[in-house]
Structure formats: structure tokens, C-alpha cells
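K.L.:
pasted the sequence and its predicted model underneath.
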Amino acid sequence: MSVTESVAEGLPGRAPAVHEGILRRQSARESSARTYARALPIVPVRARGLTIEGADGRRYLDCLSGAGALALGHNHPVVLEAVRGVLDSGAPLSVLDLATPVKDAFITELFRTLPPGLAGRARVQFCGPAGTDAVEAALKLVRVATGRTGVLAFTGAYHGMTAGALAASGGAPDVQVTRLPYPQDYRCPFGIGGPGGAETAVRWTESLLDDPKSGVPLPAGMILEPVQGEGGVIPAPDGWLRSMRRITQDRSVPLIADEVQTGVGRTGAFWAVEHSGITPDVMVLSKAIGGSLPLAVIVYRDDLDVWHPGAHAGTFRGNQLAMAAGTATLAHVRENGLAARAADLGSRMLTRLRDDLGHLACVGEVRGRGLMIGVELVDPEADGSAPAPVSATADPSSAPSGPEPFHTPRPAAPALAAAVQRECLQRGLIVELGGRHSAVVRLLPPLTISDEQAAAVLDRLSDAVAAVARDHTLHDPRHRRHHGPARRTG
């Protein structure tokens with residue numbers, strides 16, 4: 001009897017035994033590099049939409065969504081129908097880069113969704129099945145097209161785990177790419193925040209490129225994420241993105257937008273670059289474009305299409321099931337206005353989370369765009385109320401009037417974030433962690449999430465954060481004289 005059958009039969013004691021046995025064997029046989037399985041000890045056997053059922057019989061609300069790959073959630077009917085259609089047709093399932101009706105339909109639908117400035121002159125390259133391979137292809141493309149080798153990337157970036165993609169990510173082990181500051185409010189690299197911080201980042205970039213003694217020659221390209229996901233759910237200011245587009249365009253530097261996680265309606269626009277109105281030269285696409293199956297492409301301006309046959313290839317770039325599922329997903333998101341729905345629901349979810357959690361000292365910031373939401377956990381005992389230090393030589397009377405002074409952020413608290421993740425799982429909610437110190441609790445629900453489901457997600461998350469905040473206070477020796485002996489309360 002299969003695992004699924006044993007759970008369905010409801011045999012007494014069988015489901016927990018199956019669950020524990022599979023987890024034990026995974027721990028004994030799989031690589032030490034496994035990640036999600038360590039923090040999420042569940043064994044999914046069924047899934048539909050937002051819901052996963054584990055081998056232990058428990059149900060979970062899945063706000064990980066395959067790290068953003070499941071735009072329509074698990075097993076959406078239009079995706080299943082598209083996959084069955086290919087299987088029933090007798091069509092080949094893998095065809096390298098040969099032309100097929102399935103591929104033609106996918107490209108047609110994909111081009112229909114592209115930003116107008118790119119759609120009319122686009123070329124597409126099918127890559128290996130993961131987003132990191134598409135990043136490799138994008139870097140290779142701009143190097144061939146420009147004859148230059150350098151790349152500009154940003155602090156906090158995540159572009160994949162292969163060598164070139166990792167070199168452009170924030171966690172690179174050595175320096176092969178020039179790093180630029182990515183603007184943000186809570187942890188502004190310049191201690192300014194807001195529009196002033198973003199403008200300073202723009203000026204730094206211009207200075208680096210225009211100073212003949214900066215040590216940074218004109219690069220082959222610039223790669224950026226419109227919203228940093230793994231970096232901590234940090235949306236780029238629209239004005240800053242427009243400035244990056246201007247800077248690169250004026251200097252004939254191709255701009256690469258990594259939309260692997262932000263694409264297909266996730267941020268409240270079909271592609272996240274549309275919030276700012278920019279048109280990149282290259283777009284890197286994966287995750288949701290395959291409708292939950294492996295698929296990755298780059299789309300780029302036709303004048304960059306100067307590489308030779310075989311310059312980038314891959315055995316599994318002709319996955320017909322993924323193309324069919326992707327076509328169905330792209331069309332469903334477009335025809336049903338799910339990007340606009342994500343914008344509206346995401347805004348309401350952010351508002352409620354800020355209302356529910358904003359008063360807690362362990363919450364540094366609630367941020368996001370559309371249905372890409374993050375809650376940063378911080379050390380509640382650190383002093384985060386003092387303004388950022390000002391130069392001792394500055395004349396206080398010359399300080400500009402306007403917004404409140406930028407405040408020093410509290411240190412990140414990864415242990416508290418991990419505790420929130422555990423508390424969420426106990427309440428039947430699956431969330432992921434991200435950010436520089438893995439201190440940001442991330443929500444990536446499917447775009448099909450209902451208002452009622454969203455309320456349930458927020459109830460469970462808010463309750464989990466509040467429980468961790470209470471537990472921290474009770475167990476912190478600095479608070480025991482106020483609260484009595486430390487103990488867990490039900």
C-alpha cells in the first residue's frame with residue numbers, strides 16, 4: 001500500500017508511523033545541503049490550492065508555494081488540464097530546442113504579457129530548467145554582445161547557486177562582481193533611509209561608473225531584482241529603478257531584471273519592473289512561468305542576439321509539460337486579473353500586519369509588495385530609538401527640515417524568526433525565512449488565495465509572533481523581576 005493510500009485509508013496509527021519513517025530515511029540518506037526539510041519536517045501527500053495535507057494527517061496553509069513557483073497554488077485545475085492534454089495527445093515530452101505547437105503557444109502567451117517596450121522586439125532563449133541557469137545565460141549574453149566582462153550587482157542580491165549566479169549574489173565567497181548599494185529604509189546602507197537614501201545610492205552608482213580612477217571599468221551589464229526576495233523582501237523604490245535604467249541606458253550598459261521570483265503577478269503587476277515603468281534589456285524568468293514544473297528562459301532585445309549557435313544549451317530546455325502548464329498559468333493570471341488582485345489583497349494584508357504587529361518591540365519592519373510580504377524580527381532589548389549619528393562637525397542649525405530623522409535599526413534576531421517559523425508550523429502555517437541574517441519571516445501565498453484564507457494566514461502568523469514575543473519576555477532574565485518566574489503559559 002502506498003503512503004497516500006495508507007493515509008487515505010485512515011489506518012489507526014499508520015499515518016504517524018509512515019510520516020516518521022520517511023523523515024528518518026530522508027535524514028539518513030539525503031545530502032547535508034538540504035534546506036527546507038530541516039525547518040519544515042512535514043511529508044506532503046496531497047495538495048490543492050493553498051492547502052497541503054501531510055502523511056501525519058495534518059493540514060497546512062502553504063505560504064511558501066514552492067519558493068514562489070506556484071502562482072496558482074497546488075494542482076490548479078487549469079494546470080492539470082494542460083498537462084493531461086499533452087499526455088493524452090501522444091506528443092513528445094522532451095524535444096531539446098525543436099519547434100513544437102506546445103512551445104509556440106507558450107512563446108505567444110509569454111510575449112503577450114511582456115512590457116510593451118520589449119514585446120515588439122524580443123528574442124527568447126530556453127535554458128536549463130532552473131532560474132540560476134537562466135542567470136548564467138543572461139550574463140553570458142551581455143558579455144558576448146558588449147565584448148566586456150564586468151558585471152554590476154547589488155548587496156543583498158540572490159541570483160542562484162551556480163558559479164556565475166552565485167558570484168553576483170550577496171553571499172558570494174569572493175569578489176568577482178562589483179557590488180552596489182541596494183536602497184532600503186529600515187537598514188539603509190547610508191544611515192539615511194527614504195528618498196534621500198535612494199538618491200545617495202544613485203549618486204554612488206554614477207560616481208563609480210564615471211570616475212576614471214574608481215577601479216571599475218565599464219561593465220558588460222547590470223543585474224538587479226525589482227524586489228529582493230531572499231535578501232529580505234525589500235522592494236526597490238520606483239524612482240531608483242528609473243534612475244538605474246537611465247544610468248545604464250546612457251552608458252550602453254545592458255540592464256538585466258531578475259524576475260525569477262517577482263514575475264507573473266506576484267508583486268501586483270504582471271512583471272515587477274512595470275511598477276516603475278522601465279523596460280529592461282534582458283529579463284530572467286523561471287519559477288511561476290512553468291506552472292509548477294521546471295522551466296527557465298531569458299527574454300531580451302533582438303539587437304543583443306549576436307551569440308553563435310550552441311553558445312548556451314541544455315538537454316532539458318524542451319520540457320513540453322512545463323511549457324503547457326506555463327501557458328495555462330500565464331493565461332489564467334492575465335485573463336483573471338490576478339496581478340491586480342495581488343496588489344489589492346497584498347496591500348490589505350500589509351496594513352493588517354502592521355496594525356497587529358507594529359507595536360511589538362521584536363518586530364523591526366513589516367514590508368513587501370503585492371503578495372510578497374516580509375516581517376523582520378529584531379532584538380527587542382537593543383536601543384532602536386536613537387537617531388543615526390550625525391557628523392560632529394555639522395552645524396545642527398543647517399540640518400534639513402522635512403521627514404523624521406532616520407532611526408538606528410535594532411539588530412536582526414534570527415533565533416526569534418526561527419521560533420516564529422516553528423510556532424507557525426505548530427499552527428498549521430508554512431512560512432519561509434530570508435534576509436541577511438535569516439531574520440525575515442516571508443509570505444509567498446498563491447495568487448489564488450481567498451480573503452478568508454488570507455485572514456486565516458494572518459491570524460496564525462500574528463498569533464505566532466505574539467507567542468514568541470511573550471515567551472522571549474518570560475525567559476529573558478532582564479524581565480524576571482517584572483514578570484515573576486519564567487514559565488510557559490498555555
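P.N.:
Received, thanks. Residues are numbered from 1 along each chain as shown.
K.L.:
show me where the stretch 251-400 of the chain has helices.
P.N.:
According to DSSP state H, counting those that start in this stretch, the stretch 251-400 of the chain carries its helices in the segments 320-335, 338-357.
K.L.:
can you redo the ones you listed as TSV with mean pLDDT, distance to A157 and mean neighbour count?
P.N.:
(Glycine included, C-beta is placed from N, CA and C.) Shown next, in TSV, are the helices of the stretch 251-400 of the chain (pLDDT from 0 to 100; distance: least, CB to CB, whole Å; neighbours: other CB atoms under 10 Å):
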stretch	mean pLDDT	distance to A157	mean neighbour count
helix 320-335	98	25	23
helix 338-357	98	22	18
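K.L.:
distance to P44 for those - can I get that in a markdown table?
P.N.:
Converted to a markdown table, the helices of the stretch 251-400 of the chain look like this (distance: least, CB to CB, whole Å):
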| stretch | distance to P44 |
| --- | --- |
| helix 320-335 | 19 |
| helix 338-357 | 24 |
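K.L.:
relative to helix 338-357, how tilted is the lengthiest helix in the chain?
P.N.:
Taking DSSP state H as the criterion, the chain has its longest helix at helix 451-475. Helix 451-475 and helix 338-357 are oriented at 30 degrees to each other (axes from the mean of the first three to the mean of the last three CA atoms, to 10 degrees).
K.L.:
OK, contacts around the residue positioned nearest the centre of the chain?
P.N.:
By CA atoms, centre = their mean, the mean C-alpha position of the chain lies nearest to G229, the distance being 3.2 Å. Applying CB atoms under 8 Å, 6 or more residues apart in numbering, we find G229 in contact with 68, 158, 261-262, 372, 434, 442, 444.
K.L.:
excluding chain neighbours, what is closest to L443?
P.N.:
Residue nearest to L443 in three dimensions, not counting chain neighbours: I373, with 4.2 Å by CB to CB, 6 or more residues apart in numbering.
K.L.:
would you check that the one you found makes contact with R354?
P.N.:
No - if you go by CB atoms under 8 Å, I373 and R354 don't touch, sitting 10.6 Å apart.
K.L.:
quick check: neighbours shared by those two?
P.N.:
In contact with both I373 and R354: V366, using CB under 8 Å, 6+ apart.
K.L.:
pull up the gap between T329 and V144, please.
P.N.:
Computed with CB to CB, to the nearest Å, the distance linking T329 and V144 is 31 Å.
K.L.:
tell me the secondary structure of the spatially closest residue to G428 that is not a sequence neighbour, please.
P.N.:
Distances taken as CB to CB, 6+ apart place Y60 nearest to G428, at 5.0 Å, with adjacent residues excluded. Assigned by DSSP: H, G, I helix; E, B strand; the rest coil, the conformation of Y60 is strand.
K.L.:
contacting residues for P41?
P.N.:
By CB under 8 Å, 6+ apart, the residues touching P41 are L23.
K.L.:
helix, strand, or coil at it?
P.N.:
Taking three-state DSSP, the label given to P41 is coil.
K.L.:
per-residue pLDDT, it?
P.N.:
In this model, P41 is scored at 89, pLDDT.
K.L.:
what of T4?
P.N.:
In this model, T4 carries a pLDDT of 53.
K.L.:
repeat that for P400.
P.N.:
Looking at P400, its pLDDT reads 41.
K.L.:
circling back to that earlier point, measure the residue nearest to the centre of the chain to G374 for me?
P.N.:
Noted for G229: a distance of 9 Å to G374, by CB to CB.
K.L.:
can you pull out the strands in the stretch 151-300 of the chain?
P.N.:
151-154, 178-180, 221-224, 227-228, 234-235, 255-258, 282-285, 297-301 (DSSP state E, counting those that start in this stretch).
K.L.:
rebuild those as a markdown table, extending it with mean neighbour count and distance to P16.
P.N.:
A markdown table is the format used below for these (neighbours: other CB atoms under 10 Å; distance: least, CB to CB, whole Å):
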| stretch | mean neighbour count | distance to P16 |
| --- | --- | --- |
| strand 151-154 | 26 | 46 |
| strand 178-180 | 19 | 48 |
| strand 221-224 | 26 | 46 |
| strand 227-228 | 24 | 39 |
| strand 234-235 | 25 | 40 |
| strand 255-258 | 28 | 42 |
| strand 282-285 | 28 | 41 |
| strand 297-301 | 24 | 43 |
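K.L.:
export the ones you listed to TSV and tack on mean pLDDT?
P.N.:
TSV is the format used below for the strands of the stretch 151-300 of the chain (pLDDT from 0 to 100):
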stretch	mean pLDDT
strand 151-154	94
strand 178-180	91
strand 221-224	97
strand 227-228	97
strand 234-235	97
strand 255-258	98
strand 282-285	98
strand 297-301	97
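K.L.:
Throw those into a markdown table and include distance to V468, thanks.
P.N.:
Output for these, formatted as a markdown table (distance: least, CB to CB, whole Å):
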| stretch | distance to V468 |
| --- | --- |
| strand 151-154 | 31 |
| strand 178-180 | 33 |
| strand 221-224 | 33 |
| strand 227-228 | 24 |
| strand 234-235 | 23 |
| strand 255-258 | 32 |
| strand 282-285 | 36 |
| strand 297-301 | 41 |
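K.L.:
which among those strands is found nearest to A419?
P.N.:
Nearest to A419 among the strands of the stretch 151-300 of the chain is strand 234-235; the distance by CB to CB comes to 22.6 Å.
K.L.:
output the below-cut-off pLDDT ranges for the stretch 101-250 of the chain.
P.N.:
For the stretch 101-250 of the chain, the stretches with pLDDT under 70 are 172-175.
K.L.:
go again using 80 as the cut-off
P.N.:
Residue ranges of the stretch 101-250 of the chain with pLDDT under 80: 161-167, 169-176.
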